[in-house]
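A.B. asks: Dropping the sequence and predicted coords here.
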There are 6 protein chains.
Amino acid sequence: MKRGFYVGRFQPYHNGHQAVLSELARTCDEIILGVGSAQLSHTLENPFTAGERVLMITRALTDLRCPYYVIPIEDVQRNALWAAHVRSMTPPFDTCYSSNPLVVRLFFEAGVDVQSPAMYERDRHSGTEIRRRMLAGEPWENLVPPAVVTVVREIDGVERLREIARAD
Amino acid sequence: MKRGFYVGRFQPYHNGHQAVLSELARTCDEIILGVGSAQLSHTLENPFTAGERVLMITRALTDLRCPYYVIPIEDVQRNALWAAHVRSMTPPFDTCYSSNPLVVRLFFEAGVDVQSPAMYERDRHSGTEIRRRMLAGEPWENLVPPAVVTVVREIDGVERLREIARAD
Amino acid sequence: MKRGFYVGRFQPYHNGHQAVLSELARTCDEIILGVGSAQLSHTLENPFTAGERVLMITRALTDLRCPYYVIPIEDVQRNALWAAHVRSMTPPFDTCYSSNPLVVRLFFEAGVDVQSPAMYERDRHSGTEIRRRMLAGEPWENLVPPAVVTVVREIDGVERLREIARAD
Amino acid sequence: MKRGFYVGRFQPYHNGHQAVLSELARTCDEIILGVGSAQLSHTLENPFTAGERVLMITRALTDLRCPYYVIPIEDVQRNALWAAHVRSMTPPFDTCYSSNPLVVRLFFEAGVDVQSPAMYERDRHSGTEIRRRMLAGEPWENLVPPAVVTVVREIDGVERLREIARAD
Amino acid sequence: MKRGFYVGRFQPYHNGHQAVLSELARTCDEIILGVGSAQLSHTLENPFTAGERVLMITRALTDLRCPYYVIPIEDVQRNALWAAHVRSMTPPFDTCYSSNPLVVRLFFEAGVDVQSPAMYERDRHSGTEIRRRMLAGEPWENLVPPAVVTVVREIDGVERLREIARAD
Amino acid sequence: MKRGFYVGRFQPYHNGHQAVLSELARTCDEIILGVGSAQLSHTLENPFTAGERVLMITRALTDLRCPYYVIPIEDVQRNALWAAHVRSMTPPFDTCYSSNPLVVRLFFEAGVDVQSPAMYERDRHSGTEIRRRMLAGEPWENLVPPAVVTVVREIDGVERLREIARAD
């Protein structure tokens, strides 16, 4: 059985993440999603709590054919320990899928198999763009799965982000 | 929709936990399992990592009729913040189910509905007894779901516990 | 009895803070002053220790008609826990007075009454301006209560700030 | 002007503490009360939050002739830094008054004047005895100032302690 | 070139440690000594600071034929990260030498070669016995290298331990 | 006997540091090198682990005439405690040598003798320049001792830095 690990901050979970997961579901028997920087919320870069992000992901993945785990992972503030930290918080996995060069490097140095094909690039930068649109009052709903729109509304997420922005 | 929260250290996950969850599955629409003291492992009281505990639970619950979340929750070392910490790491929930008096008190003071019927008592102390049997070479396998026996074997869990015990 | 909570970093305590407190003294029976980011000192943004800030505030408030508490509050590095953290460190209060949008949002989500009238705006940005003047050798003494000038002199505060500035 | 520092956990504040403070008020111009282990609460040894302890102290000291500060002090978990930590959180002081040998030693090694006359012994162990009586349903009210009885009732303190005790 | 790692708390450094190091000097080209629980001091179990322990070791090893490193290692409070933590703080090493079963297990699970011959047992428990003798006023000097006696005297170590003991 | 303390992040150790140490070796009997921000690695500003930095320094100093200690020092995130933290991790020293104004100020306020002659300026900014050259593929080897070139190659340091740079 092949278990794959995929990590992101998911601020918010969006279509780029969804596309990657659909792809991973074809090559893995089980997928672990790590929700990074789990302890952060209510900032411009990290508006949503780990629990809210778990909810977004779970609701958006109801049709995924592949069993998966959603695991909040708090930062340890020491890059040299991060790979060991991730492994202590998750079931054992064979391969890490990531396009983040720091993640790639840290798992590589820890002796973990990492795959970083161009495909995974599609999830980069979209989170930043979605948060920018939320702040600017521009349409962002088409960049995320419908279930995420629902969760953001339930938690009053856009208004939260705008209030926080006024604090800077 | 009613979402319930149930927390334990699950060192290891055992039949008492399983019975509580079967009961909760009848009254809740969704269940959140909080894996407490997630950062601890390789001690006499907490031999298994959070990831190993997530694996035990997930494999043992394959037949549960009710959707559920398994969320590792690290300690914050300050009781007055614990309820807020739990809520930041989990999807919103309506009721906390627990027989641990400290958990009951902390959620009560945080204004969360807590239910603590005698039924939930059955999960107490068993973890201690199972770890004692593992150390003593006595049979423990009948106290946990079969899937947990498999996980403990895969991770060489009994031998780990015995080695740690020699460190005291 | 009505107890109000007012929080700032007070780097340093200045006339804007003093004006807010005079106003609060008219509507509250007791006031709690939270000295935020209490663990920080000796930086450009946070030159003074919590103890030095407590001293500034206490000396400047000798004529306040209203009983008050001055409570250092260390950061918890997790916004979702901040409101619970503040409440664990202070006597119970009814209303938080703040013009900081993040503070307003965090207490709002925690179910605490928050008031944020334009009046409280007057305390914003002055700290930055005072520190800029201290560094530039421009007059800053008229922006703070006389007692604060005395404390800053006693602790050699302007020279400390200038030395730190050379480290960047 | 002579400023004295007196530290305790004040779980709860009691007549022994009160007697020491009456004595200190005669020899100091100002007193700083450090509320130690400020981050702890809801445990058998530390049932009350820092804020609740601040409230007990302040209400019990309304008649003290001497100006005083009440400062919550979180643990830093490293004895070698504790004296520096205390000094960063408090206004400058000349003398530390304590009968706790560890406190005495740490300030002594940090070059701070420490006084530890037999008189201060009277505050030792009483906290333990009061908590034992609360748990046992025996009278404890005569061991604390009347204002502390009121605060403990307001916060439902005895019931909290008893619930916590059942968790062990 | 073969580099070996040897870890202890060295409270204090004693003849058992010295014997192990003499042995290791014959089989290794370089030795790394990890000074564990580096952040602890001024407790009954850990009376000496990391710096004091570094001094003891360095002075006692002046005649060691083998180049060595003495590295203070703070606890990370998570066993699953400890091996990665140690490796981030030290030059790369081939083998860990230890008779502590937890250390042996953690390095074993991290894929590090560990050797634990009976010989290394001789360093166990002596620290406890030396501290007991210091407290009881019994002779302890013959259990440590002469250089350690000198350091303990310079830092007034026995008196520190006795004062701390009165705090319990 | 005179013991001097010299602190840096040594990212990487370079000729400026080496020149300072040669100078210090003439005026001190023993030198303590503090490896600052020891917990950081794998970032643009701090690419190397503490252990790798210890290795660079030790290999580059094989000819130093003066006994020395190399001590990793983790950040404590509170400037007011930093001087006490350093002293707890190192053997006692008489003088701190530094051209970093914050270091100078913190030791000055802690009552430690600090020397900061122009000579020590030579170590400033070179680390930044070396890391820039590594990233740009420009020659950097002439700015560091030959032993450091060897270590950086052994640990694949330039490639690590370049990978990390792509993460921003």
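C.D. replies: Received it, and whenever you're ready, just let me know what you need.
A.B. asks: Leaving out the residues flanking it, which one is nearest to the residue of chain A found nearest chain D?
C.D. replies: Going by CB to the nearest CB, chain D is nearest to A:Q77 of chain A, at 16.0 Å. C-beta: built from backbone N, CA, C; applies to glycine. Leaving aside its sequence neighbours, A:Q77 sits nearest to F:Q39 (CB to CB, 6 or more residues apart in numbering or on different chains; 7.2 Å).
A.B. asks: tell me the contacts of the one you found?
C.D. replies: Counting by CB atoms under 8 Å, 6 or more residues apart in numbering or on different chains, F:Q39 touches A:77-78, E:88, F:50, F:74-75.
A.B. asks: Swap in 10 Å and give it another go.
C.D. replies: A:76-81, E:74, E:76, E:85, E:88-89, F:46, F:49-50, F:72-75 (CB atoms under 10 Å, 6 or more residues apart in numbering or on different chains).
A.B. asks: Filter these down to just the ones in strands.
C.D. replies: Mapping the contacts of F:Q39 onto strands (DSSP state E) picks out F:P72.
A.B. asks: Which members of the contacts of F:Q39 occur in helices, if any?
C.D. replies: Within those, residues falling in helices by DSSP state H are A:79-81, E:85, E:88-89, F:50.
A.B. asks: If you rank the residues you listed by neighbours, which is first?
C.D. replies: F:A50 (29 neighbours; other CB atoms under 10 Å in any protein chain shown).
A.B. asks: where in chain A is pLDDT low?
C.D. replies: A:117-125, A:168 (pLDDT under 70).
A.B. asks: Mind doing that once more with 90?
C.D. replies: For chain A, applying pLDDT under 90 flags the ranges A:1, A:63, A:65, A:99-100, A:116-126, A:166-168.
A.B. asks: can you map out the strands along it?
C.D. replies: A:3-8, A:30-35, A:68-72, A:95-97, A:113-115.
A.B. asks: Kindly reformat those as JSON lines and extend each row with distance to chain E and mean neighbour count.
C.D. replies: Converted to JSON lines, these look like this (distance: least, CB to the nearest CB, whole Å; neighbours: other CB atoms under 10 Å in any protein chain shown):
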{"stretch": "strand A:3-8", "distance to chain E": "16", "mean neighbour count": "23"}
{"stretch": "strand A:30-35", "distance to chain E": "15", "mean neighbour count": "24"}
{"stretch": "strand A:68-72", "distance to chain E": "14", "mean neighbour count": "23"}
{"stretch": "strand A:95-97", "distance to chain E": "16", "mean neighbour count": "23"}
{"stretch": "strand A:113-115", "distance to chain E": "15", "mean neighbour count": "15"}
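A.B. asks: Distance to chain C for those - can I get that in CSV?
C.D. replies: Formatted as CSV, those follow (distance: least, CB to the nearest CB, whole Å):
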stretch, distance to chain C
strand A:3-8, 19
strand A:30-35, 14
strand A:68-72, 12
strand A:95-97, 26
strand A:113-115, 29
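A.B. asks: Present those strands as a markdown table; the columns should include distance to D:P145.
C.D. replies: Output for the strands of chain A, formatted as a markdown table (distance: least, CB to CB, whole Å):
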| stretch | distance to D:P145 |
| --- | --- |
| strand A:3-8 | 55 |
| strand A:30-35 | 49 |
| strand A:68-72 | 45 |
| strand A:95-97 | 60 |
| strand A:113-115 | 64 |
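A.B. asks: wait, which of these is closest to chain F?
C.D. replies: Using CB to the nearest CB, those put strand A:113-115 closest to chain F, at 11.1 Å.
A.B. asks: if we can go back for a sec, go ahead and confirm the residue of chain A closest to chain D touches F:S41.
C.D. replies: No: A:Q77 sits out of contact with F:S41 when judged by CB atoms under 10 Å, with a separation of 11.3 Å.
A.B. asks: These two: who's more crowded?
C.D. replies: A count of neighbours by other CB under 10 Å puts F:S41 above the other of A:Q77 and F:S41, at 24 against 12.
A.B. asks: check contacts around that one.
C.D. replies: The contact partners of F:S41, by CB under 10 Å, 6+ apart, come to A:78-81, A:106, A:109, E:88, F:11, F:47-53, F:160, F:164.
A.B. asks: how far away is it from A:R105?
C.D. replies: F:S41 sits 11 Å away from A:R105, going by CB to CB, to the nearest Å.
A.B. asks: Look up the residues that both of these two are in contact with.
C.D. replies: Contacts common to F:S41 and A:R105, judged by CB under 10 Å, 6+ apart, are A:79, F:160, F:164.
A.B. asks: hang on, the earlier thing: could you report the separation of the residue of chain A closest to chain D from B:D113?
C.D. replies: Applying CB to CB to A:Q77 and B:D113 gives a distance of 35 Å.
A.B. asks: Identify the residues contacting A:W140.
C.D. replies: A:12, A:14, A:126, A:129-134, A:148-149, A:152, A:158.
A.B. asks: Pull up the gap between the closest residue to A:L40 other than its chain neighbours and chain F, please.
C.D. replies: Sequence neighbours aside, A:N46 is the residue nearest to A:L40 in space, at 3.9 Å (criterion: CB to CB, 6+ apart). A:N46 is 17 Å from chain F, where distance means CB to the nearest CB, to the nearest Å.
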